[in-house]
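Generate coordinates for the sequence data below:
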Amino acid sequence: MSGLDSEFARAQFPAFAEPSLRGQAFFENAGGSYTCQPVIDRLERYYRQRKVQPYGPYEASRLAGEEMDEARTRLSAMLGVAPDELSFGPSTTQNTYVLAQAFRQWMEPGDAVVVTDQDHEANSGPWRRLAEDGFEIREWKIDPETGMLRLEQLEDLLDERVRLVCFPHCSNIVGAINPVVEITAAAHAAGAFVCVDGVSYAPHGFVNVGEIGADIYLFSAYKTYGPHQGIMTIRRELGEMLPNQGHWFNGDALYKRFTPAGPDHAQVAASAGMADYYDGVAAHHGIGGDAAARTAGVHDLMRAHETALLQPMLDYLADKNSVRLIGPREAAQKAPTVAVELKEPGIEAARRLAEHGIMAGGGDFYGARPLRAMGVDLDKGVLRLSFVHYTEKDEIEKLLKALDACL
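Below is the predicted model of the structure:
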């Protein structure tokens, strides 16, 4: 097929057959996506048949452990990393705090970390707190008009003291897709590692982490059609260099070194359902090859579909004198996460949109730093409209009609 069969994709999500959601268009996907059927099936099966301590000698326990291993093995293959370079945690925020603790123990006085003011707070706050221990925090600032990060400004911050550069693949406010490969190359040339917050990009297609070169890549499964888990990949060189944050007896297992809490067995096992979904979409569209190739093909289908739907929405908002459209105006440069500043609080506009069958959100979305940098009143925040590949053209048209009535 030349394009995404969105009807097939939607059929994999029970929410679209749910009577209580009928007639409503979902535009708050940046806060959490619908869950696909394979994840629900695996979660239910685990709770019904495998809810025992995994990795034991009896059948239910053996199968429980195998399903957990399957999730890690299949997702790592999709992301282009080794199985033990991928780990699960209760959330991306928690994973980042654990990482920050490891860097706190590993770095030396005078070392520096670069953060941005474009980030969601989860990939900014934990690193900024390293200043409490005397480490230098350097801020890569966005353009206050566009919300964009400029590579040349990062290069001005880099020197031999920088140990880590933390930045988002794309912002959950600005939505601009940052050039991860170029940023990573610049950081590596200066001798620094990179930590990429992929939470706002991953819902629009998994990337090959091995190819883009990120040392750390984090995202949240509940935003990528799965359970509430944080997923982290960390390159072996760095993972073995940092101090173990788990139990001492797990120190030799890379995927256990940064998960001090015990895993949520059922949710980890259910995460394999995301691989099932990607494989189903790939097979339906005739995409073959290994796991990474199939994932790349599905990524491209998703992005092409989203980009085609996004451009009319951006054009509409850019022409509205009563709103300020934040971020790029070209859909190819942006994930379909669209924030607009209004004269009223964003949540009030979201309430009126709800009366027209539009599910959206208003506020700061843990993005107070970029909003403040762009001069947005934090008491009002923004109206945020976000969608993913299962959104259809008629839902975009419904949104635009609702905006006409509400703005």
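
For the residue lying closest to Ala354 once chain neighbours are set aside, what are phi and psi?
Of all residues not flanking Ala354 in the chain, Ala360 sits nearest, at 7.6 Å (CB to CB, 6 or more residues apart in numbering). Every residue, glycine included, has its C-beta placed from N, CA and C. In terms of degrees, to the nearest 10, the main-chain angles of Ala360 are phi -140, psi 180.

Check Gly89 too.
Dihedral angles phi and psi of Gly89 (degrees, to the nearest 10) take the values phi -150, psi 170.

can you offset everything so residue one is 7?
Sounds good: first residue 7 from here, last item Gly95.

quick one, what contacts it?
Applying CB atoms under 8 Å, 6 or more residues apart in numbering, we find Gly95 in contact with 101, 104, 235-238, 264-265, 267.

And the residue nearest to Ala360, how close does it get to Leu359?
Between Ala366 and Leu359 the computed distance is 5 Å (CB to CB, to the nearest Å).

what's the answer for Phe255, then?
For Phe255, the distance to Leu359 (CB to CB) stands at 52 Å.

List only buried entries from the contacts of Gly95.
Taking 16 or more other CB atoms under 10 Å as the criterion, what is buried in the contacts of Gly95 is 101, 104, 235-238, 264-265.

Nearest residue to Tyr207 in space, please, no chain neighbours.
The shortest distance from Tyr207 to any residue other than its chain neighbours is 3.8 Å, reached at His175 (CB to CB, 6+ apart).

wait, doesn't Arg173 sit right on Thr122?
Slight slip there: residue 173 is Phe, not Arg. Yes - contact criterion CB atoms under 8 Å: Phe173 and Thr122 qualify, at 5.1 Å.

Show me the common contact partners of those two, please.
Between them, Phe173 and Thr122 share the neighbouring residues 146, 155, with contact defined by CB under 8 Å, 6+ apart.

Could you export the host helix or strand of Leu224 as CSV, CA atoms only?
If you go by DSSP states H and E, Leu224 is part of strand 222-226. What follows is strand 222-226 as a C-alpha-only set of coordinates in CSV (Å, rounded to 0.1, in the frame of the first residue of the first chain):
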residue,chain,number,x,y,z
ILE,A,222,20.6,7.2,26.3
TYR,A,223,17.1,7.3,24.7
LEU,A,224,14.0,7.3,26.9
PHE,A,225,10.2,7.2,26.2
SER,A,226,6.9,6.2,27.9
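
which outside residues touch that strand?
Identification of contacts with strand 222-226 by CB under 8 Å, 6+ apart yields 85, 97-98, 101-102, 105, 129, 199-205, 207-208, 213, 215, 234-241, 244.

partner strands of the next helix or strand after that strand, parallel or antiparallel?
Downstream of strand 222-226, the first helix or strand assigned by DSSP H and E is strand 236-240. With DSSP bridges as the test, strand 236-240 is paired with strand 92-95 (antiparallel), strand 222-226 (antiparallel).

Could you export these as TSV, including mean pLDDT and distance to Arg156?
Output for these, formatted as TSV (pLDDT from 0 to 100; distance: least, CB to CB, whole Å):
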stretch	mean pLDDT	distance to Arg156
strand 92-95	97	32
strand 222-226	98	22
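
in the stretch 207-356 of the chain, which spans are strands?
If DSSP state E, counting those that start in this stretch is used as the criterion, the strands of the stretch 207-356 of the chain fall at 222-226, 236-240, 330-331, 343-347.

Note down every partner strand of the last one and its orientation.
The one in question is strand 343-347. Strand pairing for strand 343-347, determined by DSSP bridges: strand 330-331 (antiparallel), strand 388-392 (antiparallel).

quick one, which of those strands is packed in tightest?
strand 388-392 (a mean of 27; mean count of other CB atoms under 10 Å).

Average pLDDT for it, rounded please.
When the per-residue pLDDT values of strand 388-392 are averaged, the result is 98.
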